[in-house]
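Novice: Structure for the following, please:
(one chain, ligands or ions: 1)
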Amino acid sequence: MATLDGLPPLRDVIQRHGLDAKKALGQNFLLDLNLTQKIARSAGPLDGVTVFEVGPGPGGLTRAILSLGAKKVIAVERDSRCLPALAEIGKHYPGRLEVIEGDALKTDFSALAPEGPVKIIANLPYNVGTQLLINWLLPENGQWPPFWESLTLMFQKEVGLRIVADEDDDHYGRLGVLAGWRTDAHMVFDVPPQAFTPPPKVTSTVVHLIPRTNPLPCEVAKLERVTQAAFGQRRKMLRQSLKPVGGEALLVKAGIDPARRAETLSVEEFVRLANSL
Ligand code: SAM
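Specialist: All right, here's what the predicted structure looks like:
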């Protein structure tokens with residue numbers, strides 16, 4: 001059966017290359033090219049854009065990104081079994097797909113970034129998704145604005161809710177503060193378990209993040225220290241949970257009521273606390 005892009009259906013690709021999903025690699029594949037196009041489209045226009053993709057697997061999302069006109073896709077995949085299937089896609093789009101076999105957690109994406117606009121689009125493996133997001137939000141080289149124009153990422157819905165959460169939301173925590181400090185983040189749409197092969201236990205969601213050009217000035221390490229202490233004991237009053245980093249004196253210096261709890265503090269207030277350390 002023909003597909004939108006003239007390549008074979010993903011089910012055939014998976015069968016032909018023996019790509020039975022491995023749980024340890026977080027492999028839940030998307031086989032519906034209409035859905036992968038919908039995900040890629042939520043990254044906005046791709047003309048002239050280089051896209052980094054993590055975990056292309058059999059290439060459903062990769063194909064969508066290329067068919068929507070991305071200049072190039074640089075994809076990092078840990079499972080060598082996927083490489084022959086991805087090579088077929090590369091042949092169909094000559095010079096536009098570079099596959100790097102390796103661990104995305106150990107990949108220096110900024111060093112690989114070419115001149116010109118870069119976006120990151122991925123259906124992330126669940127076991128490493130949050131850490132990858134943190135690496136992109138808080139790059140070791142301190143570069144901000146970052147090398148990427150946007151992140152369009154699929155997470156478990158629970159993680160997506162934590163990324164976009166504001167204060168007074170049950171899902172608000174360290175991830176919400178860090179994402180809210182450096183980006184404008186929102187959820188785009190949910191994807192039900194049945195859309196994946198094999199289906200995961202939970203609903204997934206696509207999150208879109210755009211970097212703030214001028215986030216409130218703050219040292220990353222200090223913000224991490226205060227959020228870690230505050231949310232480490234989120235039900236306690238801040239005068240108690242922040243004891244290891246200065247307790248009541250720190251709160252008074254920052255002009256924050258010591259009787260409040262972590263989940264009630266806005267990003268701006270966390271930044272004030274960090275800057276008072
Ligand atoms: N993009 C494909 C799709 O949407 O159907 C596959 C997504 S699947 C959820 C996650 C992919 O990430 C798998 O192909 C898996 O082999 C790969 N992967 C897992 N851990 C990885 C890592 N540390 N670095 C790079 N790729 C990884």
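Novice: From now on I want contacts and neighbour counts done on CA atoms only, so please keep to that.
Specialist: Fine.
Novice: interface residues of this protein facing the ligand?
Specialist: Contacts of the chain with the ligand, taken as CA under 6 Å from any ligand atom, map to 25-30, 54-57, 59-61, 76-79, 102-105, 123-125.
Novice: Just those residues: which are in strands?
Specialist: Under the assignment DSSP state E, those contribute F29, L30, V54, V76, E77, N123 to strands.
Novice: could you dump those to a markdown table with distance to A185?
Specialist: As requested, these are exported to a markdown table (distance: CA to CA, whole Å):
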| residue | distance to A185 |
| --- | --- |
| F29 | 25 |
| L30 | 24 |
| V54 | 19 |
| V76 | 24 |
| E77 | 26 |
| N123 | 17 |
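Novice: from those residues, which would you call buried?
Specialist: Neighbour-count burial (16 or more other CA atoms under 10 Å) applied to these gives F29, L30, V54, V76, E77, N123.
Novice: and the two most separated of those?
Specialist: Farthest pair in those (CA to CA) is L30 and V76. Separation: 17.1 Å.
Novice: For the closest residue to D103 other than its chain neighbours, list the residues it contacts.
Specialist: In this structure, D103 finds its nearest non-sequential neighbour in R78, 5.3 Å apart by CA to CA, 6 or more residues apart in numbering. R78 sits next to G55, E101, G102, D103, A104 when contact means CA atoms under 8 Å, 6 or more residues apart in numbering.
Novice: how does it look with 7 Å?
Specialist: E101, G102, D103 (CA atoms under 7 Å, 6 or more residues apart in numbering).
Novice: quick check, nearest of these to D257?
Specialist: D103 (44.3 Å).
Novice: and that closest one, how many neighbours does it have?
Specialist: D103: 14 surrounding residues under other CA atoms under 10 Å.
Novice: next one: P244
Specialist: With other CA under 10 Å as criterion, P244 counts 12.
Novice: Could you verify that it is part of a helix?
Specialist: Yes: the assignment for P244 is a helix, going by DSSP: H, G, I helix; E, B strand; the rest coil.
Novice: Leaving out chain neighbours, which residue sits closest to it?
Specialist: Looking at P244 with CA to CA, 6+ apart, the closest residue is A229, at 7.3 Å.
Novice: Check whether that neighbour really touches R239, as I assumed.
Specialist: No: contact criterion CA atoms under 7 Å: A229 and R239 do not qualify, at 10.8 Å.
Novice: These two: which is more packed in?
Specialist: R239 (22 against 19).
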